[in-house]
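Q: using only what follows, build the 3D model:
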Amino acid sequence: MTTSQIIVERLAIATKYWADEITQKKMFGGTCFLYKGKMCVGETKQKLMVRIVAEKMETILQKPEVKPMDFTGKPMKEFIFVTHNGFDTEEKLQYWVELGIEHAKSKTQ
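A: Model prediction:
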């Protein structure tokens, strides 16, 4: 199993609480998890992608394991990449999943 597949499997487990509202979709060259149709977290090129509400971006970007998601060559609004050290435990991964769900919920209301 590849690192990317392991991350996707871990994300599937971490999103089980919201299973009725979560779908998976191939996006950004990887697999994204959508909450009620809104992208919240995902994996691409062995990195964790997370959508963050705008109000928390400045604080989140100060974390050493986080950098802006620059998939297109410039930072994408409300998207971050998290390095492996930032989600190397299930507790850390759950933190990012919940932030991603928070973002998706803010867009579905």
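Q: could you list the low-pLDDT ranges of the protein?
A: Residue ranges of the chain with pLDDT under 70: 71, 109.
Q: can you map out the helices along it?
A: 3-14, 54-60, 90-108 (DSSP state H).
Q: quick one: buried residues of the second one?
A: In this case it means helix 54-60. By 16 or more other CB atoms under 10 Å, the buried positions in helix 54-60 come out as 57, 60. Yep, even glycine has a C-beta here, placed from its N, CA and C like the rest.
Q: try stretch 29-49
A: Neighbour-count burial for stretch 29-49, counted by 16+ other CB under 10 Å, picks out 30-36, 38-44, 47-49.
Q: about what we covered before: mean neighbour count, the helices of the chain: which tops it?
A: Among the helices of the chain, the stretch with the highest mean neighbour count (mean count of other CB atoms under 10 Å) is helix 90-108, at a mean of 18.
Q: sorry, back to before: closest to residue 82 out of the helices of the chain?
A: Smallest distance to residue 82 across the helices of the chain (CB to CB): 5.9 Å, for helix 90-108.
Q: which residues are in contact with that closest one?
A: Outside helix 90-108, the residues that touch it by CB atoms under 8 Å, 6 or more residues apart in numbering are 10-11, 13-15, 18, 33-41, 48, 50-53, 56, 60, 78, 82, 86-87.
Q: pull the CA coordinates from that helix and hand them back as PDB.
A: Taking C-alpha atoms only, helix 90-108 is exported to PDB below (Å, rounded to 0.1, in the frame of the first residue of the first chain):
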ATOM      1  CA  GLU A  90      -4.800   9.800  14.800                       C
ATOM      2  CA  GLU A  91      -5.400  12.600  17.300                       C
ATOM      3  CA  LYS A  92      -3.500  15.100  15.100                       C
ATOM      4  CA  LEU A  93      -5.300  13.900  12.000                       C
ATOM      5  CA  GLN A  94      -8.700  14.200  13.700                       C
ATOM      6  CA  TYR A  95      -7.800  17.800  14.600                       C
ATOM      7  CA  TRP A  96      -7.300  18.600  10.900                       C
ATOM      8  CA  VAL A  97     -10.400  16.700   9.800                       C
ATOM      9  CA  GLU A  98     -12.600  18.600  12.300                       C
ATOM     10  CA  LEU A  99     -11.200  22.000  11.000                       C
ATOM     11  CA  GLY A 100     -12.000  20.900   7.500                       C
ATOM     12  CA  ILE A 101     -15.500  19.900   8.500                       C
ATOM     13  CA  GLU A 102     -15.900  23.200  10.200                       C
ATOM     14  CA  HIS A 103     -15.000  25.000   6.900                       C
ATOM     15  CA  ALA A 104     -17.400  22.800   4.900                       C
ATOM     16  CA  LYS A 105     -20.200  23.500   7.400                       C
ATOM     17  CA  SER A 106     -19.600  27.200   7.100                       C
ATOM     18  CA  LYS A 107     -20.200  26.900   3.300                       C
ATOM     19  CA  THR A 108     -23.400  24.700   3.600                       C
END
